[in-house]
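> Show me the folded form of this:
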Amino acid sequence: MAFAGRWRRVCWQCVAVLAVCVVCIPRHAKAYEYFVGFNNLWSPDGVWDNSLKGHVDSVMAAAQRLNQQVVRSWAINKRLPYGPGQYDESQFQGLDYFVASAARHGVRLMLNLGDYWSFFVGPGAWMSWAGVTATGNAVVQFYGSNATRVLYKQHIDTMVNRKNAITGVVYKKDPTIMGWVVINEPRCPGCDASQQAIRRSWLTEMADHVRSAAPTQLVVSGTEGYFQGDLAKYNHGYGSTCEGEDWVSDNSIPSIDVATTHFYFNMVWGPAQLGARKLNWSEYLNFIVQKMNIHTEIAGQIGKAFMIEEFGEPYIDKNNNHTPEDRMMLYAVVYEKLIAAKMAGKPFIGALFWNATVDGQRSSNDDINIFVDRTPSNPITLGSDVKAPGGTAHGGGNSSMTGARGQSPTASDGASSQLGKRRMLLAQRLRSGAVRQLTQERTARQLAQEQAARKLSAAYQGEDIGQEARAACAAAAINTWMSLPTDLVDVDYYRALVAGHDVLDIIAAAGLAISS
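The predicted structure follows:
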């Protein structure tokens, strides 16, 4: 989905059973293919129940109807795996149905192979299965243990070599699967430089393994967008450097094809100079545009495509930080920035909102879920004032971010000199491209194993994992200056643009603009 050949016009063909959709990139955007789409967390978690298969089909039909070309979800589940080399076949067949439904509707998939968080299977489970005893900052042991690395690579092999029980196509050969996310949000809270190096070696080893195991599909980093060093002033807030991610180094790993970021309002805190307060909505929109600009520029320097893998906000914020109108403005700003990138041939290639659902999957729309099985109510046009290559007329700012001294931020010396070589390598990698319910009686031993793994995982996640070290880091970082522009977004323009609309109107307009 990223580079599809250098200096030539490209087309992305999505072939389904009854339909073919072709997205052709204009002449001035020769090096990349661009997309919009959404995350869909809930479908694989319930699709092995035959009564819920219709939810998956509704999600995929909505993606097709709204011109959302890519859907991201999880290839793991609570019993996928539930032990070393142990996979619940009914859950695997649920994933098969998810992939097959996407193929029928001409939708591409990005699938997470693992997760830092323990909602499905987290580091604690892998450590438990590998017999690793936790001491100190446990997540460092997950990254550093040879035993956990072996298990994780075996898991990668199991997933990519799965033969779909419905389509008969092996996952690693299925053009429906656009790419594999090595792990979702690979944090290392409070980790020092040596511990971060252990984490990066894990990410490198796993990315290399995915590249070897599935050579025709994309390898995606799953990173959130946190900088270290001089670039830390562009972070989400003063504690961001304490999550143990170095976005530039992580995404410079040769086997990584697509660099990712995750954007959420509740992740952004101002420094002490701003009273360590939440940003107002105008400040946040300007901050988001700055982040898109700098990530796009650095991605170009290191020869990678860049996508916003997650972004979104609750429908109505319980703390009154923003309104439904504010949320629509956010979506419009992100999408118009992407449209500008497409017109200019920039490496910002895609944006996936969080989180799409349909009636029956989640019953409330008072949080971050967006019900995509509804019909857009009031058509809107995005991109009518977009300019190429300088950004958008109202929300793009300068396409090149400059620092306090007027210098463009750089990833590392010599990085841009490798751009042509990496583009060529990436171009070689890219190629376009019932369920029977099984019941398994859980033995007492299996239940005990699962419960122990989840308990261990929970202890290593969220508030407990590395929090003492992270808290000390954040306390030291609170006076770190956070770069906060004020003139990158015409807030009044966007407020007028979205007035009288629904967020689904914005999503549909973006799909139409990117796919045309």
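
> SS state for the residue nearest the centre of the chain?
In the chain, the residue lying closest to the centroid (CA atoms, centre = their mean) is E309, at 2.4 Å. Under DSSP: H, G, I helix; E, B strand; the rest coil, E309 falls in the strand class.

> Would you agree it is in contact with N251?
No - in this structure E309 lies outside contact range of N251 using CB atoms under 8 Å: 11.9 Å. (Glycine included, C-beta is placed from N, CA and C.)

> Once you drop chain neighbours, what's closest to the residue nearest to the centre of the chain?
Excluding its sequence neighbours, the residue lying closest to E309 (CB to CB, 6 or more residues apart in numbering) is T260, at 3.9 Å.

> That neighbour pairs with what?
According to DSSP bridges, the residues that bridge with T260 are M307.

> hang on, the earlier thing: find the residues that touch each one of E309 and N251.
By CB atoms under 8 Å, 6 or more residues apart in numbering, E309 and N251 have these common neighbours: T260.

> Let me see the ranges of the helices in the stretch 101-250 of the chain.
Secondary structure of the stretch 101-250 of the chain (DSSP state H, counting those that start in this stretch): helices at 123-130, 138-144, 146-160, 193-213, 247-251.

> could the ones you listed go into JSON lines alongside mean pLDDT?
As requested, the helices of the stretch 101-250 of the chain are exported to JSON lines (pLDDT from 0 to 100):
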{"stretch": "helix 123-130", "mean pLDDT": "95"}
{"stretch": "helix 138-144", "mean pLDDT": "93"}
{"stretch": "helix 146-160", "mean pLDDT": "98"}
{"stretch": "helix 193-213", "mean pLDDT": "97"}
{"stretch": "helix 247-251", "mean pLDDT": "98"}
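
> Including mean neighbour count and distance to F353, could these go into JSON lines?
Below are the helices of the stretch 101-250 of the chain laid out as JSON lines (neighbours: other CB atoms under 10 Å; distance: least, CB to CB, whole Å):
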{"stretch": "helix 123-130", "mean neighbour count": "25", "distance to F353": "27"}
{"stretch": "helix 138-144", "mean neighbour count": "24", "distance to F353": "28"}
{"stretch": "helix 146-160", "mean neighbour count": "18", "distance to F353": "25"}
{"stretch": "helix 193-213", "mean neighbour count": "19", "distance to F353": "25"}
{"stretch": "helix 247-251", "mean neighbour count": "24", "distance to F353": "21"}
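
> would JSON lines of these with distance to L484 be doable?
Below are those laid out as JSON lines (distance: least, CB to CB, whole Å):
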{"stretch": "helix 123-130", "distance to L484": "34"}
{"stretch": "helix 138-144", "distance to L484": "31"}
{"stretch": "helix 146-160", "distance to L484": "39"}
{"stretch": "helix 193-213", "distance to L484": "26"}
{"stretch": "helix 247-251", "distance to L484": "19"}
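
> Those helices: which one's closest to S101?
Closest to S101 of the helices of the stretch 101-250 of the chain is helix 146-160 (CB to CB; 18.0 Å).

> Report the inter-axis angle for the closest one versus helix 123-130.
100 degrees (axes from the mean of the first three to the mean of the last three CA atoms, to 10 degrees).

> Poorly predicted segments of this protein, please.
Scanning the chain with the threshold set as pLDDT under 70 gives 1-31, 44-51, 270-276, 318, 320, 362-366, 386-393, 395-467, 481.

> how about the strands in it?
11-15, 20-24, 35-39, 70-74, 108-112, 177-181, 218-220, 258-263, 305-311, 348-353, 356-357, 370-371, 386-387, 391-392 (DSSP state E).

> possible to save these as a markdown table with distance to K53?
Listed next are the strands of the chain as a markdown table, based on distance: least, CB to CB, whole Å:
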| stretch | distance to K53 |
| --- | --- |
| strand 11-15 | 22 |
| strand 20-24 | 23 |
| strand 35-39 | 19 |
| strand 70-74 | 15 |
| strand 108-112 | 17 |
| strand 177-181 | 19 |
| strand 218-220 | 27 |
| strand 258-263 | 29 |
| strand 305-311 | 26 |
| strand 348-353 | 23 |
| strand 356-357 | 15 |
| strand 370-371 | 18 |
| strand 386-387 | 40 |
| strand 391-392 | 41 |
